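Fold the following.
(chains A, B, C and D)
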There are 2 protein chains.
Amino acid sequence: MEKNLINHLKKYVAIDPNRELDIANFFQTKHFAKKENLLEFDTTCKYHFFVLQGCLRMFFINDKGVEQTIQFAIENWWLTDYFAFEYGKKTEFIIQAVEPTTVLQIDNQSQEKLIHTFPALERYFRLIFQRAYSASQLRTKYLYGFSREQFYHHFNDNFPAFTQRIPQHVLASFLNMTPEYLSEIKNKSRP
Amino acid sequence: MEKNLINHLKKYVAIDPNRELDIANFFQTKHFAKKENLLEFDTTCKYHFFVLQGCLRMFFINDKGVEQTIQFAIENWWLTDYFAFEYGKKTEFIIQAVEPTTVLQIDNQSQEKLIHTFPALERYFRLIFQRAYSASQLRTKYLYGFSREQFYHHFNDNFPAFTQRIPQHVLASFLNMTPEYLSEIKNKSRP
DNA sequence: CGGTCTCTTGACGGAGTTCAAAGCTAGTGG
DNA sequence: CCACTAGCTTTGAACTCCGTCAAGAGACCG
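Predicted structure coming up:
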C-alpha cells in the first residue's frame, strides 16, 4: 500500500525506480482506529501525514466547547497543522481518524532531508502546496459567498461520496452549522 | 525598487549576485492607479503579481451584486487567482489597487522557465506556498470560530496598520459583514 | 462649490442558534 | 447473537446576531 505515495509522486515528477525504496524508507506506516487522535490539542505537531487508506479530519474546539471541523483528508491527501509543523509550535487543532485509517508519517527534519536528498521532491511539494493554496482560495470564496444552505448543497453535489462517508454531525461541524439546522435543511429538500 | 524582490528571495534561498539581473529580467514592472483593476472578472488570469509598493485586494461579486474581499496584498506579497493562473481558466475574481500600486508581473510560462533556469527558486516558491497555505489554515479557523464582532477586533488588534490604510466599506467586505454593521460595532466599543 | 461616494443611525425582519425532549442506531459486553 | 446503553438524529419553540432598507450627515474630488 506504500506504493500509493510513490505513484502519487510520479504524477508530478520523475522518480528513479531504483530509488523508490529509499524514498519510502523516510516514512513510517501507522494505523489508527476510528476516533483515535493522530494529533492532540496543545502538543507539538511533529508529523506530516499522507493518507494511504481511510479518512482524517482536523478540527478545533471553539469557545463554547463545540467541535469545528475545518478540513478532511482521504486517500492520497497530505494533512497537518502546517503552522505548528513548520515552526515547532504547539497546535490549536486535533487530527482524528473518521474511519480506521492507515497513514505514512514523516517529521519536519526528515522531510527536509528527504527533499535535500531528492531535489525533484522540491518541485513535487511546490506543486502540492500551490494546489492546496489555490483550493483554499476557492474554499474561502464559498465561505464568504454561500449561505449555510447553499454551502450544504454545493458540498453535497460536488462530493456526494464524502457526504455518505461521514457522520452527519461531523458534516454539520464542517459546514459550520449546528446538527439541528443541517437536519432541518436536509428534510426540507425532500420531495 | 525592483531590488525588493531579490531581497525577498534572499531571505529564503541563496542567490548568485551576478545573476540577480537575469532573474529581474523575467518580470515586468507595472503601475496602477487607485481603483484600477489588475485582473478583470471572467478573463484569463495571465499574471502572478509581486507587490513592490502599495496595496491590492482580490474580491468577487456575490449573487446580490455586493463586493466581497477575500484577500489583501501589500509590499512583498504575492497575489493572483492561483486556480485560474495554473490551469489557464477564466477567473471569478477581480484584483484591484486599493492605493496607487507598483507591482512586478510574470506569466505562467515565464515563471516555469524562471524556476527551471534557477532551481533554487523551486525551493523559494515551495516555502512561499507552504506559508501561504499555513496562513490560510489559520484564517479558516477564524472564519469558523469567530463572530463578526470578534473577527473585527481580532483583525484590528493584529493588523492595526491595515485598518488605517483601507476604506471602511472595503474592510467590511473583507470581514464579511455590511458597512452598517461594522459602523455599529466600531461605535459600540467607544468609551 | 456641487455632486458623488462614504459613513452613521435606527426600525424591522429573517437566517441560523440554543435549549429541551423524544426517537433512532450502532457498538459493546455478556 | 441478543440486549442495553451511549451517542446520533429529528422536531419544535424561543431567541439573537446580523442583514435590509431608508434617510441623513459628512468627506472628497473635479
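
rest of the way, CA atoms for contacts and neighbours
Fine.

do the top helix by length along chain A and DNA strand D meet?
Determined from DSSP state H, the single longest helix within chain A is helix A:120-145. No - if you take C-alpha under 7 Å from any atom of the strand as the test, helix A:120-145 misses DNA strand D, and the best it gets is 9.6 Å.

now for that helix, which elements pack on it?
helix A:108-117, strand B:67-73, helix B:82-87, helix B:120-145 (3 or more C-alpha pairs under 8 Å, 6 or more residues apart in numbering or on different chains; DSSP states H and E).

Any stretches of chain A with poor pLDDT?
For chain A, the stretches flagged by pLDDT under 70 are A:189-191.

tell me the centre residue of it?
residue A:73 (3.1 Å; C-alpha atoms, centre = their mean).

Would you mind listing what in chain A touches chain B?
Within chain A, the residues that sit near chain B (C-alpha under 8 Å from any C-alpha of the partner chain) are A:60, A:62-63, A:68, A:70, A:81-83, A:122-123, A:125-127, A:129-137, A:140-141, A:143-145, A:176.

separation between residue A:80 and residue A:175?
20 Å (C-alpha to C-alpha, to the nearest Å).

How far does stretch A:37-51 sit from its chain's centre?
Here the centre of stretch A:37-51 is set off from its chain's centre by 11 Å, with C-alpha atoms, centre = their mean, to the nearest Å.

Packing partners of the helix or strand where residue A:171 lies?
Per DSSP states H and E, residue A:171 falls inside helix A:168-174. With contacts taken as 3+ C-alpha pairs under 8 Å, 6+ apart, helix A:168-174 sits against strand A:67-73, helix A:179-188.

winner for burial among these?
Each of the helices and strands packed on helix A:168-174 was scored by mean neighbour count; the highest is strand A:67-73, a mean of 20, by mean count of other C-alpha atoms under 10 Å in any protein chain shown.

So it, near DNA strand D or not?
No - Strand A:67-73 does not reach DNA strand D (C-alpha under 7 Å from any atom of the strand); its nearest approach is 10.9 Å.

Can you pull out the residues in contact with that strand?
Here strand A:67-73 makes contact (C-alpha atoms under 8 Å, 6 or more residues apart in numbering or on different chains) with A:51, A:55-62, A:79, A:170, A:173-174, A:176, B:140-141, B:144-145.

that older thread, for residue A:180, which of the helices and strands packed on helix A:120-145 is the nearest?
When those are compared by C-alpha to C-alpha, helix B:120-145 sits nearest residue A:180, at 17.4 Å.

That closest one: how far from the chain's middle?
Centroid separation for helix B:120-145 versus its chain: 12 Å, with C-alpha atoms, centre = their mean.

what's the answer for stretch A:117-132, then?
The answer for stretch A:117-132 is 17 Å, by C-alpha atoms, centre = their mean.

repeat for stretch A:25-34
Worked out by C-alpha atoms, centre = their mean, stretch A:25-34 lies 15 Å from the chain centre.

tell me which residues in it are buried?
Across stretch A:25-34, burial judged by 16 or more other C-alpha atoms under 10 Å in any protein chain shown covers A:27, A:29, A:31-32.

Straight-line length of stretch A:91-104, end to end?
Stretch A:91-104 has an end-to-end distance of 20 Å (C-alpha to C-alpha).

let me redo that: stretch A:10-24
13 Å.

What are the buried residues along that stretch?
Applying 16+ other C-alpha under 10 Å to stretch A:10-24 flags A:15, A:23-24 as buried.

now swap in stretch A:158-178 and tell me
Within stretch A:158-178, the residues that qualify as buried are A:163, A:169-178, counting by 16+ other C-alpha under 10 Å.

does any part of that stretch sit near DNA strand D?
Yes - Stretch A:158-178 reaches DNA strand D (C-alpha under 7 Å from any atom of the strand) through A:167-170.

Pretty sure residue A:125 sits against residue B:126.
Yes - using C-alpha atoms under 8 Å, residue A:125 is in contact with residue B:126, at 6.4 Å.

what's the helix holding residue A:171 in contact with?
Contacts of helix A:168-174 (C-alpha under 8 Å, 6+ apart): A:67-71, A:163, A:178-179, A:182.

Filter the residues you listed to keep only those in contact with DNA strand C.
Counting by C-alpha under 7 Å from any atom of the strand, residue A:178 from these sit close to DNA strand C.

Next, work out how far apart the one residue in chain A that gets nearest to chain B and residue A:4 are.
Chain A approaches chain B most closely through residue A:126 (4.0 Å), counting by C-alpha to the nearest C-alpha. From residue A:126 across to residue A:4, the span is 19 Å (C-alpha to C-alpha).

quick one, which of those two is more surrounded?
Neighbour totals were compared for residue A:126 and residue A:4, and residue A:126 leads with 20 against 15 (other C-alpha atoms under 10 Å in any protein chain shown).

right, and the more buried one touches residue B:132 too?
No - using C-alpha under 8 Å as the test, residue A:126 is too far from residue B:132 to be in contact (11.7 Å).

name the element residue A:164 belongs to?
helix A:160-165.

which secondary structure elements does that helix contact?
Right, helix A:160-165 is packed against helix A:148-158 by 3+ C-alpha pairs under 8 Å, 6+ apart.

List the contacts of the closest residue to residue A:133 other than its chain neighbours.
With C-alpha to C-alpha, 6 or more residues apart in numbering or on different chains as the criterion, residue A:133 has its nearest non-adjacent residue at 5.1 Å, and that residue is residue B:133. If you count contacts by C-alpha under 8 Å, 6+ apart, residue B:133 has them with A:82, A:129, A:132-133, A:136.
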